[in-house]
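Trainee: sequence and computational prediction follow.
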Amino acid sequence: MNDYLEVRNLSKSFDGFQLRDITFTLPKGYIMGLIGPNGSGKTTTIKLILNMLKRTGGEVKILGFDNITHEQEAKRNLGVVFDSNYFSDEWKISQVEKSVSAFYENWNTQKFSEALKRFHIQPSKKVKELSKGMQMKLMLACAFSYDAKLLILDEPTSGLDPVSRDELLNILSEYIEDGEHSVLFSTHITGDLERAADYITYISYGELFFSGGKDEFIDGFRIVKGGREELSADLGKKMLGIRNFSTGFEALVKTEDLKQFVHLNVEPATIDDIVVFTSKRGEQYE
Amino acid sequence: MSNIWKSVKLDFSLVKPYVKTICFTMVLPVIFAAINRSLLTGISFAMCFIAMTTGYTFSITEKNSMERLYGILPIRKSDMVIGRYIFIIIMGLTALIFSLIAHPVILTILGESIGIVDYISAAVIGIFLFALYTVFQLPGYYKLGSIKGRVFMYIPVAGFLITLLLITKSPVGESKLLFTIFNSPVLLMLLTIIFVIVMYIVSILVSIKILKNKEA
């Protein structure tokens, strides 16, 4: 099996929000970043993958298993880290292992101890005594202990200090080194993607904007800059987002449309640029 | 180990830090038994009190957002629900056994004599009261959570009063069948146990349906 995660035409309707036809695949051995502005549907997508929300349409396969009809099989090799701890805060670390290990046939106590040691987590401590970063590492230690093939993280770096963020991204990069593990993580910190992601899936206002390689994503867009007199209505139609200044403008365009903008200054776009400009849905803003 | 048993163990580890509080709940009715010099009163209070502590698992789960942990574990939702019911029934039985030992000791010290019929009737009524509370409470907790779900606790009280009213004020109260049942302790106990089992089966099915339709 080459794809550890397959999401096809995933849809979900809420009052006032719709997630429509989200399709992407995550091959084994890679890290995918799930990005989008707040409220765009990242967490909804993750909860649908985990069958914690009922989908309106589409299908999800985790390691080849349907996430609803073969939920148990799908979750046996799945590790999940949320933005905050999901263990009882009164549990000691040793109690966490006792409570969770029973559910995983391939749980390895030695691996758990090694992970705790590596992450500097004392087994005698209570969950509530750990910092947010340490709680994140505890969830990771659990996933490593049963050798979860696919790791899903929902905004793991939000609320972490730069050192902890860097450490977490290092851990994720090491985790996929053997080519047998994959990671999907949602984030709105684009610096994390530049550091760790191989693939990017970008959801904007409930719709899939892009899913593919990170380099393809960045190369697919350019920033063009010019004076006000150089901005025509025809050019405006080709711009995905524009920012006006008193002296001129800057806009995001697709690289394939670049030949129409050769008379302007062209610069590479960053992931931040792409997200910020496209999130404005092409509206002009001062 | 079956998934149901794993779920029971997980629930036990949830309430483990609160065992002292739960034990206190079991000790308090001993005083009621002593004041009223009645095993039946003591057991009834004990089982009602312990039924009230069944919300602990739900409160702890909510407090720690543990529905996310339950959401990622490789276990069927029906196994989680059955596991929780078994855990709560174990809690109830533990309280019953403790009360059936502790209360008679106190009552004997106070000079009361307790016969085998007292033991059996107190145990059956205790089981019935505990079941009556929990079969309504648990689906309520699954549906509305540990705070709002408490309102379901009053359903048995209202139901009991209505039934009492119906029996005393209507021709049902003069029914020969009811007369026969109430005058045959063995039959009454047997029917109570069957009724408790049926109530739990229905309650479990309702809770499974609620949990399957619930979105985290």
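Mentor: Perfect, thanks for sending it.

Trainee: quick one, what contacts the residue sitting nearest the centre point of chain A?
Mentor: In chain A, the C-alpha nearest the mean C-alpha coordinate belongs to A:Ser186, at 2.3 Å (C-alpha atoms, centre = their mean). Each residue near A:Ser186 by C-beta atoms under 8 Å, 6 or more residues apart in numbering or on different chains is listed here: A:Gly33, A:Leu34, A:Ile35, A:Lys42, A:Thr43, A:Thr45, A:Ile46, A:Leu153, A:Asp154, A:Glu155. Backbone N, C-alpha and C define where each C-beta goes, glycine included.

Trainee: quickly list what it is bridged to.
Mentor: Per DSSP bridges, the residues bridged to A:Ser186 are A:Leu34, A:Asp154.

Trainee: do you know the pLDDT at it?
Mentor: You'll see A:Ser186 listed with a pLDDT of 93.

Trainee: at the contact with chain A, which residues of chain B appear?
Mentor: Proximity of chain B to chain A (C-beta under 8 Å from any C-beta of the partner chain) is limited to residues B:1, B:3, B:6, B:9-10, B:13-14, B:16-17, B:60, B:63-69, B:71-76, B:213, B:215-216.

Trainee: in strands only, show me those.
Mentor: Assignment to strands by DSSP state E places none of the residues of chain B next to chain A there.

Trainee: by neighbour count, which of the contacts of A:Ser186 wins?
Mentor: Ranked by the number of neighbours (other C-beta atoms under 10 Å in any protein chain shown), those place A:Leu34 first, at 31 neighbours.

Trainee: can you verify my assumption that it contacts A:Thr43?
Mentor: No: A:Leu34 lies out of contact with A:Thr43 (C-beta atoms under 8 Å); the separation is 9.3 Å.

Trainee: tell me the contacts of the spatially most central residue of chain B?
Mentor: Geometric centre of chain B, nearest residue: B:Phe130, 2.7 Å, by C-alpha atoms, centre = their mean. Counting by C-beta under 8 Å, 6+ apart, B:Phe130 makes contact with B:Met47, B:Cys48, B:Ile50, B:Ala51, B:Gly92, B:Ala95, B:Leu96.

Trainee: narrow those to those in helices?
Mentor: Among those, the members falling in helices (DSSP state H) are B:Met47, B:Cys48, B:Ile50, B:Ala51, B:Gly92, B:Ala95, B:Leu96.

Trainee: now the worst-scoring helix or strand of chain B on mean pLDDT: buried residues?
Mentor: Within chain B, judged by mean pLDDT, DSSP states H and E, the helix or strand with the poorest mean is helix B:176-182; its value is a mean of 73. Using 16 or more other C-beta atoms under 10 Å in any protein chain shown as the test for burial, helix B:176-182 gives no buried residues.

Trainee: distance of the residue lying closest to A:Pro123 once chain neighbours are set aside relative to B:Arg68?
Mentor: Among residues not flanking A:Pro123 along the chain, A:Ile93 sits closest, at 4.5 Å (C-beta to C-beta, 6 or more residues apart in numbering or on different chains). Distance, A:Ile93 to B:Arg68, using C-beta to C-beta, to the nearest Å: 19 Å.

Trainee: ok so, going back, buried ones only from the residues of chain B next to chain A, please, as a ChimeraX command.
Mentor: Buried members of these, defined by 16+ other C-beta under 10 Å, are picked up in ChimeraX with:
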select /B:3,6,9,10,13,14,17,60,64,66,68,69,71,72,73,74,75,76
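
Trainee: among the residues of chain B next to chain A, which ones are in helices?
Mentor: Residues of the residues of chain B next to chain A located in helices (DSSP H): B:3, B:6, B:9-10, B:13-14, B:60, B:63, B:67-69, B:71-72, B:213.

Trainee: want to throw the residues you listed into CSV with pLDDT?
Mentor: Shown next, in CSV, are these (pLDDT from 0 to 100):
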residue, pLDDT
B:Asn3, 90
B:Lys6, 94
B:Lys9, 95
B:Leu10, 95
B:Ser13, 93
B:Leu14, 93
B:Ile60, 93
B:Lys63, 92
B:Glu67, 92
B:Arg68, 92
B:Leu69, 94
B:Gly71, 92
B:Ile72, 94
B:Asn213, 89
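
Trainee: which one of the ones in helices among the contacts of B:Phe130 sits closest to chain A?
Mentor: When the ones in helices among the contacts of B:Phe130 are ranked by distance to chain A (C-beta to the nearest C-beta), B:Ile50 comes first, at 20.6 Å.

Trainee: state the pLDDT value of that closest one.
Mentor: B:Ile50 carries a pLDDT value of 93.

Trainee: same thing with A:Arg281?
Mentor: Model confidence at A:Arg281 (pLDDT) stands at 55.

Trainee: measure how buried A:Val100 is and give me the count.
Mentor: For A:Val100, the count of nearby residues is 23 (other C-beta under 10 Å).

Trainee: next: A:Ala269.
Mentor: By other C-beta under 10 Å, the residues close to A:Ala269 number 24.

Trainee: which one is it nearest to, not counting chain neighbours?
Mentor: Closest residue to A:Ala269 apart from its sequence neighbours, by C-beta to C-beta, 6+ apart: A:Phe221 at 4.2 Å.

Trainee: quick check on the one you found: phi, psi?
Mentor: A:Phe221 adopts backbone torsions of phi -140, psi 150, taken as degrees, to the nearest 10.

Trainee: what is the burial count for it?
Mentor: Neighbourhood size, A:Phe221 [other C-beta under 10 Å]: 24.

Trainee: now do the contacts for it.
Mentor: Residues counted as contacts of A:Phe221 (C-beta under 8 Å, 6+ apart) are A:Leu240, A:Leu252, A:Val253, A:Lys254, A:Thr255, A:Ala269, A:Asp273, A:Ile274.

Trainee: now A:Tyr146
Mentor: With contact taken as C-beta under 8 Å, 6+ apart, A:Tyr146 is in contact with A:Arg76, A:Asn77, A:Gly79, A:Ser101, A:Tyr104, A:Glu105, A:Asn106, A:Trp107, A:Asn108.

Trainee: what's the spacing between the closest residue to B:Phe49 other than its chain neighbours and B:Ile50?
Mentor: Distance criterion C-beta to C-beta, 6+ apart; nearest residue to B:Phe49, sequence neighbours excluded, is B:Thr25 at 4.8 Å. From B:Thr25 across to B:Ile50, the span is 6 Å (C-beta to C-beta).

Trainee: when the two are compared, which one has more neighbours?
Mentor: Per other C-beta under 10 Å, whichever of B:Thr25 and B:Ile50 has more neighbours is B:Ile50, with 27 against 16.

Trainee: residues making contact with the one helix or strand A:Gln18 maps to?
Mentor: Here A:Gln18, judged by DSSP states H and E, is contained in strand A:17-27. Outside of strand A:17-27, the residues within contact range by C-beta under 8 Å, 6+ apart are A:2-13, A:32, A:39, A:41, A:44-45, A:48, A:58, A:150, A:182, A:184, A:199, A:201, A:203, A:206-208, A:211.

Trainee: please redo it, this time with the cut-off set to 6 Å
Mentor: Applying C-beta atoms under 6 Å, 6 or more residues apart in numbering or on different chains, the contact partners of strand A:17-27 are A:2-12, A:32, A:41, A:44-45, A:182, A:184, A:201, A:206-208, A:211.
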